[in-house]
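**Q** below is the sequence, then the predicted model.
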2 protein chains.
Amino acid sequence: MATITLGRYLWERIHEIGVDTIFGVPGDFNLQLLDYVFEVKGLNWVGNQNELNAAYAADGYARVKEVPGAFVTTHGVGELSALNGVAGALSERVKLIHVVGQTTRPMQDNHLMIHHSIGDKPDHQLYNKTSKHLRAAAAELWDVKTAPKEIDRVIRECFIHSSPVYIFVPLDMVGEEVPAALLETPIDTSMPVDTKAQDAAVNAIKEALENAKRPSILVDAFVQRFSVVSETKALVDRLGVPVFTTNSGKSIIDETHPQYVGVYNGQISSPRVAQACESSDLVLILGYMPADTNSGGFSRKLSEYQCIAINPHDVNVKGKAYPDTFIKPLIAQLAAVLNERASNEAQTPKLPPPFRYKDHAATNITQSWIWPRFAEYFRGGDVVIGETGTTNFGLCDIKFPANIQYVNQIYYGSIGWATGALLGVEVARAEVQAKQNQSPGRTILITGDGSLALTMQEIGTVVKQKLKRPIIFIINNNGYTIERMIWGARQTYNDIVQTDYSALLPLFKHPDPASSFHRATTKMELDEILKKVELTDPTQLQIVELIVDQLDTPWRLGAQLAVRGEVTQKYLADEGFVDSIGGWGLEGSSLSVGPKWA
Amino acid sequence: MATITLGRYLWERIHEIGVDTIFGVPGDFNLQLLDYVFEVKGLNWVGNQNELNAAYAADGYARVKEVPGAFVTTHGVGELSALNGVAGALSERVKLIHVVGQTTRPMQDNHLMIHHSIGDKPDHQLYNKTSKHLRAAAAELWDVKTAPKEIDRVIRECFIHSSPVYIFVPLDMVGEEVPAALLETPIDTSMPVDTKAQDAAVNAIKEALENAKRPSILVDAFVQRFSVVSETKALVDRLGVPVFTTNSGKSIIDETHPQYVGVYNGQISSPRVAQACESSDLVLILGYMPADTNSGGFSRKLSEYQCIAINPHDVNVKGKAYPDTFIKPLIAQLAAVLNERASNEAQTPKLPPPFRYKDHAATNITQSWIWPRFAEYFRGGDVVIGETGTTNFGLCDIKFPANIQYVNQIYYGSIGWATGALLGVEVARAEVQAKQNQSPGRTILITGDGSLALTMQEIGTVVKQKLKRPIIFIINNNGYTIERMIWGARQTYNDIVQTDYSALLPLFKHPDPASSFHRATTKMELDEILKKVELTDPTQLQIVELIVDQLDTPWRLGAQLAVRGEVTQKYLADEGFVDSIGGWGLEGSSLSVGPKWA
């Protein structure tokens, strides 16, 4: 019987499901395992600068390639360093496979005080236990006879839950042999279908829609995470009703689509968008993520009886639960069986034209100006990565061109994530492009000085990998502006390290740092930079630093945040917000805000 | 009754035990808590570039100041990012207080989907549960009536276990009032003494020593962690017998002390040191940490019946256990009651003179040359921080001048730790120096290119804080040399991002980058650099890059590592090691190695 090593088996399986790059950091207990990555044809290794960044890169990879992101760490020090990145993937339902190289089984059996351990008679499984709450499933490989089945099982779980899974491999197992024939049966990554349960849900949805006068669709993030985008688009087209997205779900439906209305974020929506959504008598919510960050701090005015929520693994139709469904086959069936509605034009509400801010004449770069300016700069085919901070509030306020993918971590909101994610996104896009000979879109990260500091070294990996199309915009507003808006506007704890971003590319030996770094203080300077060929059609990493006032912020942020600090209150008054607002969804939701018309 | 806020109470208590600086990263759920740091006279805030670095900085602070290091993170994203740093402190028994600003109690009670959470009805205590295995104690503040007592309790536990503790503070509690009078009773941080148990142990130790002919002392790291250094020195002087240290315990006893022999690391010791220690008929081991990294991969030839082990909370005398003792009062009592032995000269073994390596005539910088060269460069009063990698193997092979503190994380071995620790060490030293008007010693970090990458941004905080005496030596050997020695010498996974370290100081706006960055490729260049006033008496951060061949390594590393890769075997043969050695303490310990004499 032909055999292969368990290490080889593991990577073949991961490659089989569409993963072409393994991220990670080498360590004493995974080196031999890494050798087998190089044995798998078409599988690449991209080492990261640290483990948290590796998790973030794998997360970004998964989001754009719609297969799991896979990364490797070493026992203890490595796996724990990555844990926050894994937790973020669980929160946001991103598929990750975290492979951990553990100490050998004899070391574990004998409770040896091997480096990276804790205590006198160390339990080497302590770190595995630590991550228990932060994953959907784990394979704890110990017996080579059952190991292949365990690997297959958790890879399937990764798809079904669209969440991180762990595979723990003791170092002495990677070279053990398993039957090669096991690879002949592919892993089943399809969603299970309980036909009876699904039919019940579909019939209830169909009936509710037939009885509705002004139905609409609200598309949320889990549609993207559970790979239901094409089915969702088909459903939107089929129904022909107005369509909204949440913050996290923005860009899943092209914003040029004739049925598209806008981003519905409770009362923190652009003028009249909330009214448009809430006046619908039936909102079909797809891939529901009802978090504060997606609902204007829980300020949606939608009753349960006015909604159908299609969740990953169940449905709620106007208050009645339909369990045991799976979002992907369910939406596919809906797109096939639901009846078309009356024409879009009759239903899709007309919104007022874009407004101009009071500060529109300022020559310096302002938050009110920059986001519409980015909208002009974006081009179909671009992937736009928004970092937590002022960026995601700004991006949610503009209309994207068609065929943009907006990648964000709005709910988990771990600053620093986006820089690592940029690497993974661009690696994944390069793979897809190489195979499909696609026309190259740009990969545009918009981040802030505060967020960049946490994971800045991963820019080095972007340079090392010679990735061609990434552009990093750094909004330098002298510290944690989003935190200043929440509390402590002038407190020194919201200051950060002064950083000269022009040194970043030289630090990582970028081949052409002088022409690849750009800095703008005025709108005119930024306009000139955005016209350069490096920014329209980049061939290597570009960095653009934008100098923005430290208390300037998108109106959505000011409106969403609790009005507690004097500076924040003053800011809101200066900007002309009509009313005071509640904080973090706790102090009631009788809100009425929006920017004053200039 | 006069009251103060709970937030104020917390920081007053932490300041009371000797903490003058709080590290951390602000976040939505700790901002109000941070305000109270500024209300406490003499308490400072030093913000970090990310949370893992904050934990490392607090760890370094604790190690040199011998009080807990304290740092603050925010719910979920922050606390998880720091977890590996906390685990390292637990492994190495470093006192840390990790304060986490949690979501409000109403948010938790209502299981709100507040950003940073996981799941539909999120359990906000999930992250607290995750860190459960990685701390000695935790205060989960929920009721303001019991909160002060809980804070006091875990601060005491932090001292007793010399380990990390957590304090979780829901955001809505920080402004609640507690009686100010509670501050009038200081927290008891002294070790408990069970007089009967301690007397039994002391008597057994005394008897064993009286019956021994050639006793010796082996000083290990926990002596430093449990703040027993002065008592240990008194005991060493009193007994007058030969004294050894472990790798981790190196420098606790001045290496110029007449009784000092060397670093005992099992069979991976300098010539004749192992024989000297093992020929003792009674080894009194103080603060025992019997890990692979401290014992030459478990290659010590000492039987239980030949040893007295004084552990943090118990004693073992020649195989017999004496529980319920505490290391600090116990060693203090031993230093007071044990009898002096015969004079040092009769007992302390004579070791051969330092050897010269075969490559001593090379003009480039070699690992065999650089460590003795550092020994010449070090000066009493310096603190030397050794990063995991070739550095700690090299440093353990040289003799330090008197009055050096060697700070290392040899057992937990999380690369990147040392850069964060440098910040904490230097902040702590600046505080002590300001109070005691001490003469300034330098704070010297020796790290490698591989390790530096993980946490390099913390150099920015060192610049921001205008710290005066730190010097960073970067051994640039083109990747993970220690991993190349273990496995995959030429594999690309052991390569890292090419980095131009001369850009680091400009990146963080160092005031004088040109004269503060130095690069040496040859021994002569390094000699010249080390003579510069910037290196002898620095007044601001200095960086020295040393170019070293990627497969050059200290002999101790080559000897300790498993001999598995061809390159490694060839290296060992080239260097003239006498015999092959076991790997990681698993393959037997009949070792006989050491460098060939030139």
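**A** Perfect, I can see it now. Numbers count the residues shown, from 1 in each chain, chains lettered A, B, ... in the order given.

**Q** which phi and psi does residue A:43 have?
**A** phi -100, psi 130 (degrees, to the nearest 10).

**Q** one more: the one 10 residues further on?
**A** When quoted as degrees, to the nearest 10, the phi and psi of residue A:53 stand at phi -60, psi -30.

**Q** residue contacts, it?
**A** Applying Cβ atoms under 8 Å, 6 or more residues apart in numbering or on different chains, we find residue A:53 in contact with A:85, A:419-420, A:423, A:455, A:457-458, A:461. Glycine gets a C-beta too; all of them are placed from N, C-alpha and C.

**Q** give me the nearest residue to the residue in the stretch 201-350 of chain A positioned nearest to chain B, chain neighbours excluded.
**A** The minimum distance from the stretch 201-350 of chain A to chain B, using Cβ to the nearest Cβ, falls at residue A:291 (4.0 Å). Excluding the flanking residues, the one nearest residue A:291 by Cβ to Cβ, 6 or more residues apart in numbering or on different chains is residue B:113, at 4.0 Å.

**Q** hang on, the one you found packs against residue B:122?
**A** Yes. Between residue B:113 and residue B:122 a contact is recorded at 6.0 Å, counting by Cβ atoms under 8 Å.

**Q** which of these two has more neighbours?
**A** Remark: of residue B:113 and residue B:122, residue B:113 carries more neighbours, 23 against 20, as counted by other Cβ atoms under 10 Å in any protein chain shown.

**Q** got phi/psi on that one?
**A** Torsion angles at residue B:113 (phi, psi; degrees, to the nearest 10) stand at phi -80, psi 60.

**Q** got a list of what it touches?
**A** Contacts for residue B:113 (Cβ under 8 Å, 6+ apart) come out as A:289-292, A:411, B:120, B:122.

**Q** ok, residue A:19 next?
**A** Shown in contact with residue A:19 (Cβ under 8 Å, 6+ apart): A:43, A:67-70, A:97.

**Q** check residue A:49 too.
**A** Residue A:49 sits next to A:457-458, A:460-461, B:453-454, B:496-497 when contact means Cβ under 8 Å, 6+ apart.

**Q** and with 7 Å instead?
**A** Residue A:49 sits next to A:457-458, A:460-461, B:453-454, B:497 when contact means Cβ atoms under 7 Å, 6 or more residues apart in numbering or on different chains.

**Q** show me which pair in those residues is furthest apart.
**A** Greatest spacing in these, by Cβ to Cβ: A:461 and B:454 (12.3 Å).

**Q** how long is stretch A:209-223 end to end?
**A** 20 Å (Cα to Cα, to the nearest Å).

**Q** thinking again about what came up before, wait, which of the contacts of residue B:113 is closest to residue B:375?
**A** Nearest member of the contacts of residue B:113 to residue B:375, counting by Cβ to Cβ, is residue A:411, at 53.7 Å.

**Q** just confirm that closest one is within a strand.
**A** No. Secondary structure of residue A:411 (DSSP: H, G, I helix; E, B strand; the rest coil): coil, not part of a strand.

**Q** what sits against the closest residue to it other than its chain neighbours?
**A** Nearest non-adjacent residue to residue A:411, counting by Cβ to Cβ, 6+ apart: residue A:291, 4.7 Å away. Counting by Cβ under 7 Å, 6+ apart, residue A:291 makes contact with A:411, B:113, B:115.

**Q** make JSON lines out of the residues you listed and add distance to residue A:157 and pLDDT.
**A** JSON lines is the format used below for these (distance: Cβ to Cβ, whole Å; pLDDT from 0 to 100):
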{"residue": "A:411", "distance to residue A:157": "22", "pLDDT": "97"}
{"residue": "B:113", "distance to residue A:157": "23", "pLDDT": "96"}
{"residue": "B:115", "distance to residue A:157": "26", "pLDDT": "95"}
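
**Q** closest one of these to residue B:176?
**A** Nearest to residue B:176 among those: residue B:115, at 24.1 Å, using Cβ to Cβ.

**Q** is chain B contacted by whatever helix or strand residue A:23 lives in?
**A** If you go by DSSP states H and E, residue A:23 is part of strand A:21-24. No. If you take Cβ under 7 Å from any Cβ of the partner chain as the test, strand A:21-24 misses chain B, and the best it gets is 8.2 Å.

**Q** distance between that strand and the chain's centre?
**A** Remark: strand A:21-24 is offset 18 Å from the chain centroid, using Cα atoms, centre = their mean, to the nearest Å.

**Q** where are the low-confidence patches of chain A?
**A** By pLDDT under 70, the weakly predicted segments of chain A are A:342-346, A:354-356, A:437-439, A:561-598.

**Q** domain parsing for it?
**A** Structurally, chain A divides into domains by automatic domain parsing as follows: A:3-184, A:195-347, A:367-556.

**Q** endpoints of the shortest one, how far apart?
**A** In domain A:195-347, first residue to last residue: 33 Å (Cα to Cα).

**Q** what lies in contact with stretch A:526-536?
**A** Contact with stretch A:526-536 is made by A:365, A:377, A:471, A:515-516, A:518, A:520, A:542, A:544, A:546, as judged by Cβ under 7 Å, 6+ apart.

**Q** show me these that map onto helices.
**A** Members of the contacts of stretch A:526-536 lying in helices (criterion: DSSP state H): A:377, A:515-516.

**Q** near chain B at all, stretch A:78-91?
**A** Yes. Contact between stretch A:78-91 and chain B, assessed by Cβ under 7 Å from any Cβ, occurs at A:80-81, A:83-84, A:87, A:90-91.

**Q** got JSON lines for these, with distance to residue A:393 too?
**A** Listed next are the residues of stretch A:78-91 next to chain B as JSON lines, based on distance: Cβ to Cβ, whole Å:
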{"residue": "A:80", "distance to residue A:393": "32"}
{"residue": "A:81", "distance to residue A:393": "29"}
{"residue": "A:83", "distance to residue A:393": "27"}
{"residue": "A:84", "distance to residue A:393": "22"}
{"residue": "A:87", "distance to residue A:393": "23"}
{"residue": "A:90", "distance to residue A:393": "24"}
{"residue": "A:91", "distance to residue A:393": "19"}
